[in-house]
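Colleague: next come a sequence and a model predicted from it.
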Amino acid sequence: MTVEVPGPEPARRQPNRLIPRRMQRGYPHEQMRHLSIGGRVLRVAVREGDPCWPPLLLCNGIGASLELLQPFVHALDTRRPVIRFDMPGIGGSPAPVVPYHLHTLPSLLAGLLDELGYERADVLGISWGGGLAQQFALSRPDRVRRLVLVATGTGALMVPGHPRVLVKMVTPRRHREPEYAARIAGELYGGRARRDPAVARDLLHLTSRLGPARGYYYQLLSGIGWTSLPRLRRLQVPALILAGDDDPIIPLVNARIMHRLIPNSTLDIYSGGHLELAVDAERIAPIVDAFLAPGGAEDDPGR
């Protein structure tokens, strides 16, 4: 049974340099709450929009709370409903008692859409969240209208980043120590973080909410043994693949492989790194908006 319990207000409402001032005023109302779905409690933010538009469900990267993508949400068309959530043990969602795996998570996303009253949604996943988005689209294609995959790969079977880069992701230290986050930003995230390392510190600490360390490790472990590679040819959902040309975590070649395997996919390569969806949201959000624009045969509920 799904029940709703009171949730906290979004953390850190102060102005942020990653969100232009003109975008910090008058943006659509968001509701923040905690929902119990299948025995797991999630902190969820829902931005209201045009009820005729399909909602956009955002799946975040490892260790990142829903606030991290606030600049991107601000940059999207205000008519677009947006759903964000914290994974169990991340941000404001309580840590689960036992670990979970990516293979088991489609039911969690389906339950979230059920609770919010949506039959289908557009789904965007970044980094680890891109794996979750792929798994959801493969397992429940009836619930996904369109798919956006950002700075992500195919899991265990992919071209990995350099070991000296990946080792920095083994612990949540960058989420807990602002100066460390700035110090490693260029090498880890590439793109604008090479020129301005403070953007990574701001995203991870000024716009995010810290969860328990256990939540980070559970999320990290959830991807062990998971891969979408052998199944991508069966993915019939229209997909937009966004990848940076300077992403140390997910090398660009992975996006090219995914584009070749996913039948109905579009590849857009942007100049930048792993965090560009948030640090350069005004450039990337219009690309996503255009791809997700309502209309076409896939919006016919009779299909």
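Modeller: Structure received. Note that the structure is predicted; figures quoted are calculated from it, not measured. Residues are numbered from 1 along each chain as shown.

Colleague: any stretches of the protein with poor pLDDT?
Modeller: 1-28, 296-303 (pLDDT under 70).

Colleague: for Thr227, give the beta-bridge partners.
Modeller: Beta-bridge partners of Thr227, counted by DSSP bridges, are Gly155.

Colleague: now for it: which residues touch it?
Modeller: 154-158 (C-beta atoms under 8 Å, 6 or more residues apart in numbering). No exception for glycine: its C-beta is placed from N, CA and C like everyone else's.

Colleague: only C-alpha atoms, please: export stretch 124-142 in CSV.
Modeller: Only the C-alpha atoms of stretch 124-142 are listed here, as CSV (Å, rounded to 0.1, in the frame of the first residue of the first chain):
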residue,chain,number,x,y,z
LEU,A,124,15.8,11.2,-18.6
GLY,A,125,18.7,9.4,-16.9
ILE,A,126,22.1,10.9,-16.3
SER,A,127,25.2,8.7,-15.5
TRP,A,128,24.1,6.0,-13.1
GLY,A,129,20.5,7.2,-13.6
GLY,A,130,21.0,6.5,-17.3
GLY,A,131,21.3,2.8,-16.5
LEU,A,132,18.1,3.0,-14.4
ALA,A,133,16.3,4.7,-17.3
GLN,A,134,17.5,2.0,-19.7
GLN,A,135,16.4,-0.8,-17.4
PHE,A,136,13.0,0.9,-17.0
ALA,A,137,12.5,1.3,-20.7
LEU,A,138,13.5,-2.3,-21.4
SER,A,139,11.4,-3.8,-18.6
ARG,A,140,8.3,-1.5,-18.9
PRO,A,141,8.2,0.0,-22.4
ASP,A,142,4.5,0.6,-21.9
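
Colleague: neighbour-wise, which one of the contacts of Thr227 leads?
Modeller: Greatest neighbour count in the contacts of Thr227, by other C-beta atoms under 10 Å, goes to Thr154: 23 neighbours.

Colleague: state the distance from that one to Tyr270.
Modeller: Here the distance between Thr154 and Tyr270 works out to 20 Å (C-beta to C-beta, to the nearest Å).
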